[in-house]
Structure formats: structure tokens, C-alpha cells
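[1] no sequence for this one, just the structure:
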């Protein structure tokens with residue numbers, strides 16, 4: 001396969017559901033069930049086809065058609081995509097030795113430089129409803145939490161007064177989460193569009209903490225339990241905290257949260273003699289957890305979750321292994337190796353963010369892959385239409401056609417009735 005271009009989009013399926021559908025339609029004139037397809041019964045004929053397509057879309061899943069879009073900006077020496085929401089993607093691109101926070105609108109050419117005036121570097125790490133968060137560098141050794149609304153000029157500093165370090169990792173409907181240091185360990189922090197933050201850190205329990213993800217009700221985090229990291233979740237007021245660490249594990253961490261599901265990793269299961277890092281999902285409302293680790297992998301981590309879809313990386317080979325961007329839908333058995341949809345010159349890849357457009361039935365996954373031809377990491381986006389959506393759309397169209405055909409057929413019958421009636425002699 002030829003070298004990937006920055007604006008190129010790849011179809012990653014070997015099969016075309018549309019082709020199979022047209023083959024099905026082409027044979028619709030063959031006799032089925034006697035006169036079912038008889039031209040004198042157009043309504044039944046179309047409804048038979050409509051029903052067959054509808055059944056096929058539900059009972060016989062169509063193989064997923066993933067597309068991959070390279071988001072790497074022209075002139076960049078490296079790029080990474082970290083988050084996605086509502087048709088926009090965020091991350092950062094390196095120009096020379098400088099990281100610059102980046103916003104995309106679905107293509108490499110659409111990239112927007114978010115690096116504000118006066119900042120020595122920047123990275124965007126999260127996005128939601130047109131708001132982006134991350135960090136900027138000031139001078140040679142100062143990192144400060146940052147927020148944008150689509151342009152470099154919209155930059156707002158979230159850095160609290162007196163802090164020596166701050167960073168924002170996630171955002172949701174005007175709430176931002178991350179970490180702040182005041183000369184010591186990081187403390188999990190929640191902002192509400194201002195530089196006056198709420199500390200979520202439990203001094204009585206942990207020596208350090210970092211908040212990575214947020215939704216309308218919860219904050220996902222990792223706590224340093226005096227040497228042992230543990231996955232945890234707070235409510236957005238910070239009034240309660242729950243330790244998510246699965247029983248029998250040594251360490252764990254949570255990176256993403258959405259609708260009561262948290263994702264991250266767990267290490268050192270009592271039933272895992274290899275003590276590998278394993279992708280894990282929790283459902284805090286039901287106090288349950290799911291091991292997402294594929295049996296054939298050497299390690300795995302989940303970074304993002306949205307609407308029942310999880311993404312991360314699964315590694316193969318000698319530990320820690322070569323990472324492959326990965327996708328799940330709630331269980332280890334649903335795991336999909338997204339790396340297999342990349343051209344062969346990609347050596348490794350990771351998925352960092354996911355957004356499922358429930359109205360359109362399309363799932364978007366962002367991350368990066370290492371291109372051995374160019375010798376660099378490149379920001380990537382995988383796109384997946386809902387299985388069967390094409391067949392359902394065609395079935396809906398055929399249903400409309402059937403309705404029109406039925407009406408036309410009825411109109412013809414009524415016209416013939418009128419004509420025959422008008423020709424009768426008057427009583």
C-alpha cells in the first residue's frame with residue numbers, strides 16, 4: 001500500500017454491505033413463494049423485500065466498515081489526537097521541538113493552532129461541547145492548566161494563584177478536571193470555568209491524586225494511597241469518593257467516565273500469575289467491574305468511554321509489548337483490534353478518545369500510530385457506522401417506495417372503478 005497522505009481517508013473493510021444489498025435487489029424478480037413477487041401485487045412485492053432487508057439488518061449483522069483518517073498537519077514532526085466530541089478532535093502537534101495544542105474538524109487540513117501568544121508550548125487533552133482543555137508551558141519549566149473555546153485567542157488560564165504546577169485533563173459541560181501542585185504532590189482538582197478550583201483530594205486517605213475524566217455526575221481519578229495507586233470516583237461536588245480498585249489487585253487507575261461507567265486499568269490480580277496491566281471497566285452505580293483484557297495480549301489499558309463504547313490499547317509480544325489501538329463494547333469478547341485497519345507501515349498505535357453519535361449511529365475513535373515510513377507518530381481517527389444502518393436506511397426507502405406504489409395501485413383501481421361506473425346506463 002502506498003504511503004498515507006495527510007488528507008487521505010481509508011476504507012478498511014474487505015466486504016461491502018452495499019454490494020451485497022444490490023446483489024440481493026438484483027434477484028428480487030425471481031419467483032419467490034408463488035405469486036408473491038407478481039407484478040400485479042406491487043404492495044406485497046415491496047413489503048416482502050422491505051421485510052427481508054429489515055430482518056437482515058437485525059438478524060444477520062453486517063461486517064463493520066471502519067475508515068481511518070490521518071489528521072497529521074502538514075509540516076509537523078509528530079502529532080497526537082487525545083479527545084473527540086461532536087465532530088471535533090483535539091490533541092497536539094510538534095513543530096520542531098515545540099508542542100502546540102491542536103483542534104481539528106475531521107481532516108488534517110482543518111487543523112487550528114490553539115497555542116496562545118506568550119506560551120512556549122501547549123497541549124490539548126480533552127474536549128466537550130466546543131470547549132477544549134489541557135496545558136500551556138510558560139518559560140522553560142512552568143506548566144499551567146489551560147482552557148480554550150476553539151481558537152488561540154480564546155485561551156483562559158485555569159492556573160490557581162500560588163500553584164507551582166497545574167494541568168487539565170478532562171471537560172464536560174463547563175466543568176474541568178485535572179491536577180494542581182503547591183510544591184508537593186498533585187491534588188485532584190475540579191474547576192467551573194474559573195481559576196478558583198475545588199480540591200477533591202482526600203488528605204486523610206492519599207498522599208497524591210489526579211482527576212482524568214468527568215461527566216455530568218462523576219469524576220474519574222487515580223489516587224496515590226501512600227505508594228499504591230488506586231482507581232477512584234468522586235461525585236462532582238466532591239462530597240463522596242469511592243475506591244474502585246478490584247479486590248485482589250495491587251494497583252489500579254481510572255482515566256475516563258461516562259454515564260456510570262469508568263475505565264482504566266488494574267494490575268496484579270490474584271488469579272493472574274503474570275501480573276499484567278489489564279484494561280478494566282467499572283460500573284460504580286452497581287458496584288461491579290469487567291475485565292476487558294483479551295486472553296492473547298501481554299498488557300492492556302482503557303483510556304476513554306462514551307455511551308457504552310470503550311477505547312484504549314492492547315499490547316502483544318514480550319511485556320510490555322507493542323500497543324495496538326483497541327475498541328470494546330462492554331466485554332473482553334467484543335474487543336476489536338483497530339490497528340488491523342491501518343496500512344501495513346504503521347508499527348504501533350493507541351486509541352485515546354471515543355464519541356458515539358447516537359443520532360447518526362456513528363462511532364468516532366481518536367489516537368495515534370507510529371508510521372515507520374515517516375519515522376513519526378501521527379494523529380489518527382477511526383470511524384464506524386452503526387452495524388446495519390445502511391440496510392435499515394435502504395429498508396426505510398423501500399418502505400416509502402412500497403407505500404407510494406400501494407397508493408398508486410389503489411388510485412389506478414379507483415380510476416378504473418369510476419370509469420366503469422360512469423359507463424353504466426342510468427337507472
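    Here it is on my side, so go on. As the structure is a prediction and not an experimental result, all values here were calculated from the model. Numbers count the residues shown, from 1 in each chain.
[2] pull out the buried residues from the longest strand anywhere in the chain.
    For the chain, the strand with the greatest residue count under DSSP state E is strand 346-357. For strand 346-357, burial by neighbour count (16 or more other C-beta atoms under 10 Å) applies to 346, 348-357. Glycine gets a C-beta too; all of them are placed from N, C-alpha and C.
[3] could you do stretch 322-332 as well?
    So stretch 322-332, judged by 16+ other C-beta under 10 Å, has buried residues 322-328, 332.
[4] distance between the longest strand of the chain and the chain's centre?
    Here strand 346-357 shows a centroid-to-chain-centroid distance of 7 Å under the convention C-alpha atoms, centre = their mean, to the nearest Å.
[5] who does it pair up with?
    strand 362-371 (antiparallel) (DSSP bridges).
[6] coming back round to it: columns pLDDT and distance to residue 367 on top of the buried residues of strand 346-357, output as TSV?
    As requested, the buried residues of strand 346-357 are arranged in TSV below (pLDDT from 0 to 100; distance: C-beta to C-beta, whole Å):
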residue	pLDDT	distance to residue 367
346	99	11
348	99	11
349	99	6
350	99	5
351	99	4
352	99	5
353	99	7
354	99	9
355	99	13
356	99	16
357	98	18
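[7] tell me which two in those residues are the farthest apart.
    348 and 357 (27.7 Å; C-beta to C-beta).
[8] measure the residue most central in space within the chain to residue 279 for me?
    Geometric centre of the chain, nearest residue: residue 354, 1.3 Å, by C-alpha atoms, centre = their mean. In this structure, residue 354 and residue 279 are 13 Å apart, going by C-beta to C-beta, to the nearest Å.
[9] mind listing the shared neighbours of the two?
    Residues touching both residue 354 and residue 279 by C-beta atoms under 8 Å, 6 or more residues apart in numbering: residue 310.
[10] spatially nearest residue to residue 190, not counting backbone neighbours?
    Leaving aside its sequence neighbours, residue 190 sits nearest to residue 198 (C-beta to C-beta, 6 or more residues apart in numbering; 4.6 Å).
[11] that neighbour against residue 238, yeah?
    Yes. Shown here, residue 198 and residue 238 form a contact pair, counting by C-beta atoms under 8 Å, at 5.7 Å.
[12] show me what contacts the closest residue in space to residue 298 that isn't next to it in sequence?
    The shortest distance from residue 298 to any non-neighbouring residue, by C-beta to C-beta, 6+ apart, is to residue 321 (3.9 Å). Contacts for residue 321 (C-beta under 8 Å, 6+ apart) come out as 297-299, 315.
[13] could you redo the last one with a cut-off of 10 Å?
    Taking C-beta atoms under 10 Å, 6 or more residues apart in numbering, we find residue 321 in contact with 276, 297-300, 313-315, 348.
[14] next up, phi/psi of it, please.
    Backbone torsions for residue 321, taken as degrees, to the nearest 10, come to phi 90, psi 180.
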